[in-house]
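# coords please:
(one chain, ligands or ions: 1)
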Amino acid sequence: MSNAILTSSQYQNYRKIDLIVVHCSATRCNRPFALEAVIACHKARGFATIGYHYYVTRDGVVHAGRPLYQEGAHATGFNRRSIGVCYEGGLSPEGKPMDTRTLLQKETLRKLLSRLKTDYPEAVILGHRDLPGVRKECPCFDAAVEYHWIGSQYQREM
Ligand SMILES: [Zn+2]
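A predicted model of the protein is given here:
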């Protein structure tokens with residue numbers, strides 16, 4: 001899957017989407033955790049396949065996970081009306097929670113979230129840890145603050 005996914009809107013109104021939830025893979029930034037590893041990990045947890053809709057590796061490539069029309073498996077209690085976006089990393093080489101996003105990941109996440117917000121203007125972008133009952137640091141940075149402006153740019157331009 002290539003970054004062509006970022007350039008075209010693939011809007012399909014199969015589900016009502018309230019939330020766009022950002023995750024990290026909670027893996028060490030110096031240890032590659034490829035898409036195939038995520039799929040294997042989630043299958044081992046009993047999921048049919050990867051639980052996220054998108055996975056952004058450290059090279060900035062966005063990989064398609066579940067199709068958007070399918071409910072994800074990434075945020076207990078919130079899967080039905082959300083989209084799950086995950087990036088590779090989130091832990092320092094020592095295994096401590098840290099914002100390990102590469103510049104390429106930051107760029108790709110910004111583009112991907114902007115496109116999703118265009119397709120689902122009413123959806124709120126937040127981090128997994130911002131959901132009630134979540135007690136881990138996922139995604140290791142404040143996604144709600146960093147991405148709160150996404151969408152407003154379009155309103156200003158109109
Ligand atoms: Zn998470």
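# contact partners of stretch 125-135?
The contact list for stretch 125-135 (Cβ atoms under 8 Å, 6 or more residues apart in numbering) reads 19-23, 74-78, 113, 116-117, 136-139, 141-144, 147-148, 150. (Each C-beta comes from the backbone N, C-alpha and C, glycine too.)
# so which of those residues are in strands?
Among those, the residues falling in strands (DSSP state E) are 19-23.
# number of nearby residues for residue 31?
12 (other Cβ atoms under 10 Å).
# got the contact list for it?
Taking Cβ under 8 Å, 6+ apart as the test, residue 31 contacts no residue whatsoever.
# relative to residue 53, how far out is it?
24 Å (Cβ to Cβ, to the nearest Å).
# again with residue 85
Taking Cβ to Cβ, one finds residue 85 at 7 Å from residue 53.
# just to confirm, what's the three-state secondary structure of the most centrally placed residue in the chain?
The centroid of the chain falls nearest to residue 85 when counting by Cα atoms, centre = their mean (1.4 Å). Assigned state for residue 85: strand (three-state reduction, DSSP: H, G, I helix; E, B strand; the rest coil).
# now do the same contact list for it.
20-23, 52-54, 56, 109, 112-113, 116.
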